[in-house]
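Q: Test case, fold it:
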Amino acid sequence: EKEHAILINSRVAATGRHNEVLMWMFRTALDARRAGHFYGGYGFEQNLLLRIQEIRGQGNYMEAILRGRMPFFYAHIVRILV
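A: Residues are numbered from 1 along each chain as shown. Below you'll find the model as predicted:
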């Protein structure tokens, strides 16, 4: 609940909070590795960063679709119906 309160009260826009959560996940995993809960070195960090970047990219892609133009398949169906 502490992390939730910090996120809600932060100055980050609501549309950018997912990035803040992903960076928190990355930082928590790195701290856990340094504390000995995970085994791995540079490769672990690189792989973790790559996966978080993929998730971030998917989130940004979905946001762009929602803000963007009408999806093509919808326009195609309307054209067929008309």
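
Q: Run through the neighbouring helices and strands of the longest helix along the chain.
A: Taking DSSP state H as the criterion, the chain has its longest helix at helix 42-67. If contacts are counted by 3 or more Cβ pairs under 8 Å, 6 or more residues apart in numbering; DSSP states H and E, helix 42-67 sits against helix 17-34. Bear in mind the C-beta positions are built from the backbone N, C-alpha and C, glycine included.

Q: contacting residues for the residue nearest in space to the middle of the chain?
A: With distances taken as Cα atoms, centre = their mean, Arg56 lies nearest the centre of the chain, 3.3 Å away. If a contact means Cβ atoms under 8 Å, 6 or more residues apart in numbering, then Arg56 has 18-19, 22 as its contacts.

Q: how close does it sit to Phe26?
A: 10 Å (Cβ to Cβ, to the nearest Å).

Q: and what of Ile52?
A: Where Phe26 is concerned, Ile52 sits at a distance of 5 Å (Cβ to Cβ).

Q: for Gln46, same thing?
A: 12 Å.

Q: Between the two, which is the more surrounded one?
A: Ranked by neighbour count (other Cβ atoms under 10 Å), Gln46 and Phe26 place Phe26 first, with 16 against 11.

Q: ok, Phe44 - contacts?
A: Going by Cβ under 8 Å, 6+ apart, the list of residues near Phe44 reads 33, 38.

Q: Going forward, count from 899.
A: With 899 as the first residue, the last one maps to Phe942.

Q: Just the local confidence number for it, please.
A: Looking at Phe942, its pLDDT is 85.

Q: what ranges of the protein fall below the confidence cut-off?
A: Judged against pLDDT under 70, the low-scoring parts of the chain cover residues 961-980.

Q: So what's the residue count around Arg949?
A: Neighbours of Arg949 (other Cβ under 10 Å): 13.

Q: ugh, wrong one, I meant Leu948
A: 9.

Q: Report the contact partners of it.
A: Contacts of Leu948 (Cβ under 8 Å, 6+ apart): none.

Q: what helix or strand is Asn902 on?
A: No Asn there; residue 902 is His. Per DSSP states H and E: His902 is located in helix 900-907.

Q: what are the C-alpha coordinates of that helix, in CSV please?
A: C-alpha atoms of helix 900-907 as CSV (Å, rounded to 0.1, in the frame of the first residue of the first chain):
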residue,chain,number,x,y,z
LYS,A,900,2.9,2.3,0.6
GLU,A,901,4.1,2.0,-3.0
HIS,A,902,0.5,2.6,-4.2
ALA,A,903,0.2,5.8,-2.2
ILE,A,904,3.6,7.0,-3.6
LEU,A,905,2.5,6.3,-7.1
ILE,A,906,-0.9,8.0,-6.8
ASN,A,907,0.7,11.1,-5.1
